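J.: Any chance you can model this:
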Amino acid sequence: MNKLVIANLLHRPLRSLISITAVAIEVIMILSIVGIFMGMLNDQKQRTNGIGADLMMRASNTSAMNGVSGASMSQKLIGPLSQLPHVKVVAPGILQFSTAGSVEILYGIDFAAWNALKPFVFLSGGPFQGPNDVIVDDVFAGARSKNPTTGRPYAVGDSIQMLNNQFRICGIVEHGHGGRKLIPITTMGELTGAAGKASLFYIKLDDPTNNEAVIQEIHEVRGLHDYPVETMAEWLSEMTPDKLPGFNLALDVVTGIAVIVGFLVIFQSMYTAVLERTREIGILKSLGSSKLTIVSVVLRETAVMAVAGVVLGIAGTYLVKVFLLRVFPTQHFEITALWLMQGAAIAFVGALFGALYPSWMAARKDPIDALAYE
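T.: Residues are numbered from 1 along each chain as shown. Down below sits the predicted model:
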């Protein structure tokens, strides 16, 4: 029977190849959307956690997702916040979501305050010297982000385009300190219409054990009673697919579309194969093959194509990762063993479901009618 299964697949190579490709596309769609979403999410979590703050304060009715809510808090809040007991540093920031060239969050910072949170580690260059200076991290400046003008990695003194303005790279720092591109907060405020404002305040304490006491004191400050203030650990716990609006919905939609594509292609392929092998099925049944045997033949063919499609799909996903990293070198594409198994299982099970009706139809064929089929 196994030889018959392989022979049937090789007898119609184009149809088999189309079915395998459909399963592969299904796997690539699932793993790619997960890789892009989870990569962006986890990369942002790691870099935000590397800022060095203990607490994060944002305006009321704003999203916990960085860069999507604008800048609505006055920087004058630095005064009363800094006067609270146990508060060592208050660092304002304007975070601007950008899709120009790549999806990223641009940071406007007060360098002195952010450096006090956690000192920058400069690989070359230094702090801002003027309003149009930008600090970039080593990932952006690395070999994969070559300057289109010179064809070499970015270096101090090179210019980059941001927010429809030219900025000079004044320093290159180790990655993991918030954004990949940081400009003076005054410049960011002027370019985004948020002069004197802030999206977030990052707060460093003398001792992290005073978190709850400081949060209570902040809420007792006039006008700040409803401002969300949370520890970095609490913010990190919110950055999960289950707690982000639309994340699981987008994933479910893409997964559903991928499964439907794979299901329909397998269904059509096996349905046509059963019709074309009516006489063959009649011979098998006349020789005593049971309904279960006929079903198993069709499902085995499907399983072979599904396994081949899964392997091809996983390989294709890594090719997509390589391609995306060449086009968007600062983006993080995350492929985990768990999602590799989940994507493979979804595609495999979907393919088997697509073959159920054709296999059932084959098992129900009357051997006399099948032998007389022309």
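J.: where are the low-confidence patches of the stretch 101-250 of the chain?
T.: Counting by pLDDT under 70, the stretch 101-250 of the chain shows low-confidence ranges at 101, 143-151, 245.
J.: Show me where it has its helices.
T.: Counting by DSSP state H, counting those that start in this stretch, the segments of the stretch 101-250 of the chain that form helices are 111-117, 138-141, 185-192, 211-220, 232-238, 247-276.
J.: now these in JSON lines, with distance to Arg326?
T.: Bear in mind the C-beta positions are built from the backbone N, C-alpha and C, glycine included. Converted to JSON lines, these look like this (distance: least, C-beta to C-beta, whole Å):
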{"stretch": "helix 111-117", "distance to Arg326": "31"}
{"stretch": "helix 138-141", "distance to Arg326": "14"}
{"stretch": "helix 185-192", "distance to Arg326": "29"}
{"stretch": "helix 211-220", "distance to Arg326": "42"}
{"stretch": "helix 232-238", "distance to Arg326": "30"}
{"stretch": "helix 247-276", "distance to Arg326": "23"}
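J.: wait, which of those is closest to Leu55?
T.: The stretch from these with the least distance to Leu55 (C-beta to C-beta) is helix 211-220; that distance is 6.5 Å.
J.: The strand ranked longest in the chain versus helix 185-192: what angle between them?
T.: Taking DSSP state E as the assignment, the strand of the chain that covers the most residues is strand 87-98. Direction vectors for strand 87-98 and helix 185-192, defined by axes from the mean of the first three to the mean of the last three C-alpha atoms, to 10 degrees, enclose an angle of 30 degrees.
J.: Mean confidence (pLDDT) on strand 87-98, please.
T.: When pLDDT is averaged along strand 87-98, the result is 91.
J.: Any idea how far that strand is from the middle of the chain?
T.: When C-alpha coordinates are averaged (C-alpha atoms, centre = their mean, to the nearest Å), strand 87-98 and its chain have centres 24 Å apart.
J.: Who does it pair with, and is each partner parallel or antiparallel?
T.: Strand 87-98 has the following strand partners under DSSP bridges: strand 104-109 (antiparallel), strand 200-205 (antiparallel).
J.: How is this protein partitioned into domains?
T.: Structurally, the chain divides into domains by automatic domain parsing as follows: 2-42+246-371, 61-227.
J.: Those domains: which one's closest to Leu55?
T.: Comparing the domains of the chain against Leu55 with C-beta to C-beta, the closest turns out to be domain 61-227 (4.1 Å).
J.: For that closest one, measure first residue to last.
T.: With C-alpha to C-alpha, to the nearest Å as the measure, domain 61-227 spans 8 Å from end to end.
J.: mind starting the numbering at 751 from now?
T.: Sure thing, new numbering starts at 751, so read that last one as domain 811-977.
J.: Save the strands paired with strand 837-848 as CSV, and put in distance to Ala1087 too.
T.: Supplementary listing: the strands paired with strand 837-848 in CSV, determined by distance: least, C-beta to C-beta, whole Å:
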stretch, distance to Ala1087
strand 854-859, 28
strand 950-955, 34
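J.: need these in TSV with distance to Leu1014 and mean neighbour count, can you?
T.: Supplementary listing: those in TSV, determined by distance: least, C-beta to C-beta, whole Å; neighbours: other C-beta atoms under 10 Å:
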stretch	distance to Leu1014	mean neighbour count
strand 854-859	37	24
strand 950-955	47	23
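J.: Can you tell me which of those strands is nearest to Met989?
T.: Closest of those to Met989 is strand 854-859, at 13.0 Å (criterion: C-beta to C-beta).
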